[in-house]
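J.: everything below, folded, please.
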Amino acid sequence: MHILCREKENQKDCKVLKIQENQGIKVMIKVLFVCWGNICRSPMAEYIFKDMVKKKGLEDVIYVESAATSTEEIGNPVYPPARDELKYHGIDCKGHRARQVRKDDYDKFDYIIAMEDIHHRIMRDRFFGGKDDKISLCMDYSSKPGRQIADPWYTGDFVTAYNQIAEGCEGLLNKIIEEM
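T.: Okay, here's the model as predicted:
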């Protein structure tokens, strides 16, 4: 069991969470972040979210991965400017290797978070047989939903990408905690 406490009007609001056993990993919620190549935005989201989850003490309750819609970068590490931006914020992404979305990801993950509409459509149409009720945009969890996160591979703006991803991840984590 895991106990989650939040300060609420000078009182502690505590919930006891029951953790499910799944392939030797204790998980309750599984989150998959997806972008085009899995070397910039989605791994940034994965490691930003993992950092947030760790700071809340929920690593044994929330499992996080990232993936690509394309095959172009499979096996590659996080792109150096993305890695540098994460490092600037004290977040390590060592060991990451890009992978592609798989058909069984739809059943394995509770939340599938796309960086842009194109990723949503590709996953729905190519990988998930038309199913998309688990797919949302990262920025849907921000104060201004519906926005897309521009690819910093092309824009060169890894700072804005980081900030937008962090905003979306914070909103997603708050939503997950609220639903626990």
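J.: sec struct for the residue nearest to the spatial centre of the chain, please.
T.: Of all residues in the chain, the one closest to the mean position by C-alpha atoms, centre = their mean is Phe33, 4.0 Å from it. Secondary structure of Phe33, reduced to three states by DSSP: H, G, I helix; E, B strand; the rest coil: strand.
J.: so where's this protein shaky on pLDDT?
T.: Filtered on pLDDT under 70, the chain yields the residue ranges 1-27.
J.: who are the packing partners of the helix or strand harbouring Glu178?
T.: In the assignment (DSSP states H and E), Glu178 maps to helix 158-179. Counting contacts by 3 or more C-beta pairs under 8 Å, 6 or more residues apart in numbering; DSSP states H and E, helix 158-179 is packed against strand 29-35, helix 41-55, helix 80-88, strand 111-114, helix 152-155. Quick note: C-beta positions are derived from backbone N, CA and C, even for glycine.
J.: same list (those) but as JSON lines, adding distance to Lys175.
T.: Supplementary listing: those in JSON lines, determined by distance: least, C-beta to C-beta, whole Å:
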{"stretch": "strand 29-35", "distance to Lys175": "10"}
{"stretch": "helix 41-55", "distance to Lys175": "12"}
{"stretch": "helix 80-88", "distance to Lys175": "23"}
{"stretch": "strand 111-114", "distance to Lys175": "9"}
{"stretch": "helix 152-155", "distance to Lys175": "25"}
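J.: those: which one's closest to Gly95?
T.: helix 41-55 (10.4 Å; C-beta to C-beta).
J.: using CSV, write out every CA atom in stretch 169-180.
T.: Once non-C-alpha atoms are left out, stretch 169-180 reads as follows in CSV (Å, rounded to 0.1, in the frame of the first residue of the first chain):
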residue,chain,number,x,y,z
CYS,A,169,3.0,17.4,-17.3
GLU,A,170,2.2,19.3,-14.1
GLY,A,171,-1.5,19.5,-15.2
LEU,A,172,-1.5,15.8,-16.0
LEU,A,173,0.0,14.8,-12.7
ASN,A,174,-2.5,17.0,-10.8
LYS,A,175,-5.3,15.3,-12.7
ILE,A,176,-4.0,11.8,-12.0
ILE,A,177,-3.5,12.6,-8.3
GLU,A,178,-7.0,14.1,-8.1
GLU,A,179,-8.5,10.9,-9.6
MET,A,180,-6.6,8.5,-7.2
